[in-house]
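1. Okay, structure incoming, though there's no sequence with it:
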């Protein structure tokens, strides 16, 4: 089994694997974030970045969205390189931008009148399109599994954004009661409309999708 792993959190410093590994959060030094070391030149040529500069984007939504799209593009360009360079059996790429977006600007999703609501959805559309391109590239003979973290409103992200845990626990209680009521009526739980205002998570037909947090 030979693997290519891109942006996997908690893998720093990068250790030897059968294949290629580029560490994710919380990697500190780029030269210690890649195995084998020959790919360090590739990372530098791509101007690859592990994560956002949190201090830079914390109070600047305009910079936040620009950097999120930029990072997503760099992940895809690195995937393009390693796809051809490595004779792999398993390919994994982790997109952490959705997590960062929820922590900094979750209210933009929650409120359709928010000035950055459209930009929030546009970023998710960009992620969805990226997953779709990867899915199409795998072809019909390979198994694709897409695990979507935080594609819906999560109470954890609300707390991280607003700092109001009392509201979080209250929401948990309400959801638990609602779920019990649904089960009593033999009705399937309904989480409400999808991220894009419909009943689905996006246009990646055939790929397994799981909302989790």
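-> Nice, thanks for sending it over. Worth saying up front: this structure is predicted, and the values here are computed from it rather than measured. Residues are numbered from 1 along each chain as shown.
2. give the contact list for the closest residue to residue 116 other than its chain neighbours.
-> Leaving aside its sequence neighbours, residue 116 sits nearest to residue 108 (Cβ to Cβ, 6 or more residues apart in numbering; 4.1 Å). In short, each C-beta sits where N, CA and C put it, glycine included. If a contact means Cβ atoms under 8 Å, 6 or more residues apart in numbering, then residue 108 has 61, 114-117, 119-120 as its contacts.
3. Residue 108: which element?
-> Secondary structure assigned from DSSP states H and E places residue 108 in helix 107-110.
4. cool, and residue 22?
-> Judged by DSSP H and E, residue 22 forms part of strand 19-23.
5. just checking, next helix/strand downstream of that strand?
-> strand 34-35.
6. Please pull out the lowest mean pLDDT helix or strand from this structure.
-> The weakest-scoring helix or strand in the chain, judged by mean pLDDT, DSSP states H and E, is strand 208-212 (a mean of 30).
7. could you point out the longest helix in the chain?
-> helix 61-85 (DSSP state H).
8. What helices and strands are in contact with that one?
-> The contact analysis (3 or more Cβ pairs under 8 Å, 6 or more residues apart in numbering; DSSP states H and E) places helix 61-85 against strand 3-8, strand 19-23, helix 40-45, helix 54-57, strand 90-93, helix 97-105, helix 117-138.
9. coming back round to it: make a markdown table from the contacts of residue 108 and add distance to residue 91, pLDDT and neighbour count to it.
-> Below are those laid out as a markdown table (distance: Cβ to Cβ, whole Å; pLDDT from 0 to 100; neighbours: other Cβ atoms under 10 Å):
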| residue | distance to residue 91 | pLDDT | neighbour count |
| --- | --- | --- | --- |
| 61 | 32 | 93 | 18 |
| 114 | 36 | 95 | 16 |
| 115 | 37 | 96 | 9 |
| 116 | 32 | 96 | 19 |
| 117 | 33 | 96 | 16 |
| 119 | 29 | 96 | 19 |
| 120 | 28 | 95 | 22 |
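10. That concludes my questions; thank you for your assistance.
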